[in-house]
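Novice: Okay, structure incoming, though there's no sequence with it:
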């Protein structure tokens with residue numbers, strides 16, 4: 001068959017291939033791809049074959065690869081190549097050759113009807129693609145023609161083979177439509193055409209499904225075909241007969257899965273809610289599956305119960321609003337809801353004995369939303385019907401959330417335990433949502449059950465039941481304000497009565513107390529009921545996460561009421577820290593908890609507690625500072641520094657975090673004298689310097705040291721002022737010896753908070769000039785090995801310009817060198833570094849007028865910046881960074897318009913710059929667009945995105961559809 005040759009370069013590579021795209025070479029490459037053990041050779045073969053598939057020669061070798069004497073792998077490649085040519089290069093096929101191409105594909109499909117199934121499928125996909133490209137004008141009755149051609153009696157293939165081939169073709173046609181690259185206007189036309197053609201498909205499918213003589217393989221294919229077509233949003237009423245046939249087929253175990261898929265797809269299409277009468281007819285069909293569902297549950301047949309549950313949930317979840325609107329049918333819908341409730345409460349533990357209940361959870365959200373969206377009168381009616389249902393749901397969910405017996409749980413794999421944990425989180429979210437429907441009565445209900453359970457003397461209660469009820473409380477209290485609930489005092493009173501004999505129960509008790517910490521802050525008299533439990537749990541490593549996080553919450557929320565308990569909390573915490581009961585992260589949380597606690601004490605008390613709390617660590621650090629550096633003492637140093645920095649993160653006697661609490665602040669007098677954190681830092685300053693002197697070349701230790709000061713600065717703000725001079729001096733020495741990014745980040749914090757204060761400007765200016773000088777030297781030596789330092793340096797420069805531009809007025813600052821280094825940083829491959837450099841320029845360019853040295857350097861070297869930006873847009877930088885480069889262009893245009901208008905024309909003059917794919921007209925259009933837009937930054941970003949796609953040869957491709 002003749003084909004018009006494609007233009008050179010259609011293969012996408014541009015370069016001439018090393019081998020001709022012949023049948024022989026394709027077969028060799030396929031052999032290499034499938035059988036060569038060398039992965040590099042496989043990759044080369046795959047790359048070459050991908051070029052072969054899109055080459056002009058593919059039209060010739062594809063048909064030859066389909067010859068009967070070839071193996072299926074080779075035939076499959078031939079069929080795939082045909083599909084790619086038809087779907088992607090349709091415009092290259094002359095219209096007068098459509099019919100012969102169609103005829104050849106029909107011939108091949110007929111031949112493969114009794115051959116390799118994978119090749120048959122690819123050929124069907126190729127013909128489907130051809131049909132979609134020709135519909136509706138060039139092939140108006142495509143589907144009807146397919147049916148007619150395959151039903152012809154004169155075919156050499158037997159009837160069943162032809163039938164299966166036709167069904168395969170009809171199945172892939174809607175699937176190919178969903179993934180096709182048709183333009184939007186064509187997609188609409190073809191969708192309409194397919195909806196009409198549905199009339200040629202469904203009667204055939206009904207006939208084949210209902211014929212007793214149809215073999216199982218044909219009926220299965222029919223169901224898959226139906227499932228494929230309903231996704232074209234076929235009117236639900238047109239599917240009625242087939243849906244009923246699919247329900248009947250659920251009784252056949254071989255057809256069960258295909259029937260479920262077909263029914264669920266038909267019910268779930270968005271348009272289905274318009275056909276209420278059909279939906280109402282489906283309810284009895286679904287309810288008719290209840291006996292089959294019960295049998296499946298009884299027999300442990302998880303697949304069947306899962307499938308029936310999917311059908312019930314699909315109908316309920318997708319159409320609850322439409323079905324609730326049919327008030328006269330409320331009883332049948334309630335029966336469906338009860339069937340879904342049965343699925344939610346299906347016996348057994350998820351995910352070991354059942355996997356069905358999780359499917360139902362979103363249904364309960366949807367139903368609740370729909371009920372609460374009705375007008376008041378209708379909502380009241382439905383509330384009356386469904387509140388008891390939702391109370392039943394709470395009982396069911398809490399039963400499903402129960403842990404299995406300890407013995408059974410011990411046999412679960414770690415993966416099953418994790419799935420169960422996630423399932424319980426989903427139940428927790430559902431309970432929290434249900435609270436909106438049931439309100440305070442839900443908490444009363446849970447409290448009554450828990451009270452009866454704990455006070456009943458008739459029978460011993462299981463810890464699982466207690467834990468589940470507490471878990472319900474915790475789920476609600478964590479996200480909903482329960483401060484006005486009248487049952488929480490009773491719950492707090494019940495908690496100490498719980499006999500805790502199990503880790504899971506103890507964990508939930510802890511998390512429940514943590515969830516009630518805000519309530520405790522409003523009812524401080526109850527703190528003493530639960531605090532001893534939390535402090536006792538701190539000593540148990542198995543309760544590490546729950547006990548420490550709960551103590552942290554209590555210390556944060558109730559700190560003004562904790563002074564009477566402070567000595568005890570500090571003593572217990574010190575004890576568990578010294579015994580090293582907890583992992584590192586929990587130790588850090590514990591220090592944060594103590595920071596909150598100490599913040600509410602008098603300064604003398606804070607200093608006393610700080611002394612006893614951190615003295616052992618200071619002594620340990622002094623000892624470690626004398627030792628020769630090695631990996632084990634490094635871990636100990638980093639741990640101690642981490643403890644200090646976490647303590648100082650939350651120890652805030654000025655209560656910067658509490659501004660929203662108003663009257664609470666009046667509980668404490670305004671502190672006099674130096675801040676306790678500053679006192680401690682000054683005491684340990686020499687020791688920290690000593691540690692640093694031995695560990696300066698270790699980034700982790702330097703980072704840990706900087707973290708202490710950075711967190712203290714963030715928490716204390718102006719109270720940190722006394723430390724500024726000595727910290728600036730220490731940072732300067734550190735950075736001069738071995739530059740580290742963490743030192744620059746701390747310098748940036750100091751600039752941000754203190755640079756605007758005249759008293760602190762001299763030491764900060766000296767530090768700024770020093771780190772700049774050291775970093776510029778680093779650039780001369782080669783900065784590529786230090787992208788983190790360059791990133792932090794750019795952020796520091798941007799902060800200096802934003803907070804205190806006067807730092808750029810100093811004669812000792814080499815602004816020109818800084819500018820050139822930042823241009824160099826724009827070319828780094830690391831995205832964060834490039835982003836930070838762009839941020840620097842967007843802060844620098846607006847200062848052209850007010851800072852003389854900046855104006856001068858922009859005038860001299862601005863063209864170099866523009867060229868770097870254009871190179872990045874031209875393809876040197878990641879497309880994800882284009883907005884950052886657009887910001888620089890916008891700033892240049894806004895603040896240096898006359899210079900930019902001259903530079904951009906000169907820069908875009910050379911052919912091939914910034915991309916060989918651009919025409920002079922496209923470059924000219926871009927420069928004019930940019931120069932015209934000095935107000936709307938979003939428009940500039942859009943222009944840059946468009947231009948970068950042109951530069952990369954991606955404009956208008958599917959690859960960038962969502963870009």
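Specialist: Thanks, I have it. No experiment lies behind these values; they were computed from the predicted model shown. Residues are numbered from 1 along each chain as shown.

Novice: Output the below-cut-off pLDDT ranges for the chain.
Specialist: Residues of the chain meeting the criterion pLDDT under 70: 1-18, 153-157, 457-460, 655-673, 955-963.

Novice: what helix or strand is the most centrally placed residue in the chain on?
Specialist: The residue lying closest to the centre of the chain (C-alpha atoms, centre = their mean) is residue 422, at 16.3 Å. Taking DSSP states H and E as the criterion, residue 422 maps to helix 414-438.

Novice: how distant is that helix from the center of its chain?
Specialist: Centre-to-centre, helix 414-438 and its host chain are 19 Å apart (C-alpha atoms, centre = their mean, to the nearest Å).

Novice: Would you mind listing the buried residues in that helix?
Specialist: In terms of neighbour count (16 or more other C-beta atoms under 10 Å), helix 414-438 has its buried residues at 419-420, 423-424, 426-428, 430-435, 437-438. Placement of C-beta: from N, CA and C, glycine included.

Novice: Please spell out which residues along the very next helix or strand once past that helix are buried.
Specialist: Next helix or strand after helix 414-438 toward the C-terminus (DSSP H and E): helix 440-455. Under the neighbour-count criterion of 16+ other C-beta under 10 Å, helix 440-455 has 442-443, 445-447, 449-451, 453 buried.

Novice: Then stretch 167-183?
Specialist: Here stretch 167-183 shows 167-174, 176-177, 180, 182 as buried, counting by 16+ other C-beta under 10 Å.

Novice: what does that stretch contact?
Specialist: 87-88, 109, 120-121, 124-125, 127-129, 131-133, 143, 146-147, 150, 187, 190-191, 194, 201, 208, 218, 221-222, 224-225, 228-229, 231-232, 958 (C-beta atoms under 8 Å, 6 or more residues apart in numbering).

Novice: Tell me the one of the buried residues of helix 440-455 nearest residue 726?
Specialist: Lowest distance from residue 726 to these (C-beta to C-beta) belongs to residue 443, with 54.7 Å.

Novice: how close does residue 768 get to residue 824?
Specialist: 20 Å (C-beta to C-beta, to the nearest Å).

Novice: Those two - which one has more neighbours?
Specialist: residue 768 (26 against 16; other C-beta atoms under 10 Å).

Novice: by contact count, what packs against the helix holding residue 422?
Specialist: helix 361-372, helix 376-400, helix 440-455, helix 463-479 (3 or more C-beta pairs under 8 Å, 6 or more residues apart in numbering; DSSP states H and E).

Novice: go again using 6 Å as the cut-off
Specialist: helix 361-372, helix 376-400, helix 463-479 (3 or more C-beta pairs under 6 Å, 6 or more residues apart in numbering; DSSP states H and E).

Novice: For the stretch 251-400 of the chain, which segments are assigned as helices?
Specialist: Assigned by DSSP state H, counting those that start in this stretch, the helices in the stretch 251-400 of the chain fall at 256-268, 276-287, 290-298, 302-325, 330-344, 361-372, 376-400.

Novice: nearest to residue 695, of those helices?
Specialist: Residue 695 sits nearest to helix 361-372 of all the helices of the stretch 251-400 of the chain, at 51.8 Å, using C-beta to C-beta.

Novice: Name the nearest residue to residue 29, ignoring sequence neighbours.
Specialist: Among residues not flanking residue 29 along the chain, residue 45 sits closest, at 4.6 Å (C-beta to C-beta, 6 or more residues apart in numbering).

Novice: what does residue 779 give?
Specialist: residue 821 (4.6 Å).

Novice: got it, and residue 654?
Specialist: residue 719 (5.8 Å).

Novice: Check the gap between the one you found and residue 678 for me.
Specialist: 7 Å.

Novice: Residue 879 now?
Specialist: Residue 879 is 48 Å from residue 678, by C-beta to C-beta.

Novice: Same check on residue 347?
Specialist: Taking C-beta to C-beta, one finds residue 347 at 63 Å from residue 678.

Novice: which one of the two has more residues nearby?
Specialist: Neighbour count, other C-beta under 10 Å: between residue 347 and residue 678, residue 678 has more, with 18 against 14.

Novice: Report the buried residues of the helix or strand where that one lies.
Specialist: Assigned by DSSP H and E, residue 678 falls within helix 676-695. For helix 676-695, burial by neighbour count (16+ other C-beta under 10 Å) applies to 676-681, 684, 688-692, 694-695.

Novice: now swap in stretch 537-557 and tell me
Specialist: 537-538, 543-557.

Novice: Residues in contact with that stretch: which ones?
Specialist: 503, 506-507, 510-511, 513-514, 517-518, 521, 534, 572, 576, 581-582, 586, 589-590, 592-593, 596-597 (C-beta atoms under 6 Å, 6 or more residues apart in numbering).

Novice: one more time with 7 Å
Specialist: 503, 506-507, 510-511, 513-514, 517-518, 520-521, 534, 562, 572-573, 576, 581-583, 586, 589-590, 592-593, 596-597 (C-beta atoms under 7 Å, 6 or more residues apart in numbering).

Novice: From those residues, list the buried ones, please.
Specialist: 506-507, 510-511, 513-514, 517-518, 520-521, 534, 562, 572-573, 576, 581-582, 586, 589-590, 592-593, 596-597.

Novice: In helices, which of the residues you listed fall?
Specialist: 506-507, 510-511, 513-514, 517-518, 520-521, 534, 572-573, 576, 586, 589-590, 592-593, 596-597 (DSSP state H).

Novice: for this structure, what's the longest helix?
Specialist: The chain, longest helix under DSSP H: helix 184-210.

Novice: What angle do helix 256-268 and that helix make with each other?
Specialist: 130 degrees (axes from the mean of the first three to the mean of the last three C-alpha atoms, to 10 degrees).

Novice: Which residues belonging to the helix or strand just after helix 184-210 are considered buried?
Specialist: Heading C-terminal from helix 184-210, the first helix or strand you meet, by DSSP H and E, is helix 216-230. Residues of helix 216-230 classed as buried by neighbour count (16+ other C-beta under 10 Å): 218-230.

Novice: Tabulate those in JSON lines, adding columns for distance to residue 66.
Specialist: Shown next, in JSON lines, are these (distance: C-beta to C-beta, whole Å):
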{"residue": "218", "distance to residue 66": "26"}
{"residue": "219", "distance to residue 66": "30"}
{"residue": "220", "distance to residue 66": "27"}
{"residue": "221", "distance to residue 66": "23"}
{"residue": "222", "distance to residue 66": "28"}
{"residue": "223", "distance to residue 66": "30"}
{"residue": "224", "distance to residue 66": "25"}
{"residue": "225", "distance to residue 66": "25"}
{"residue": "226", "distance to residue 66": "30"}
{"residue": "227", "distance to residue 66": "29"}
{"residue": "228", "distance to residue 66": "25"}
{"residue": "229", "distance to residue 66": "28"}
{"residue": "230", "distance to residue 66": "32"}
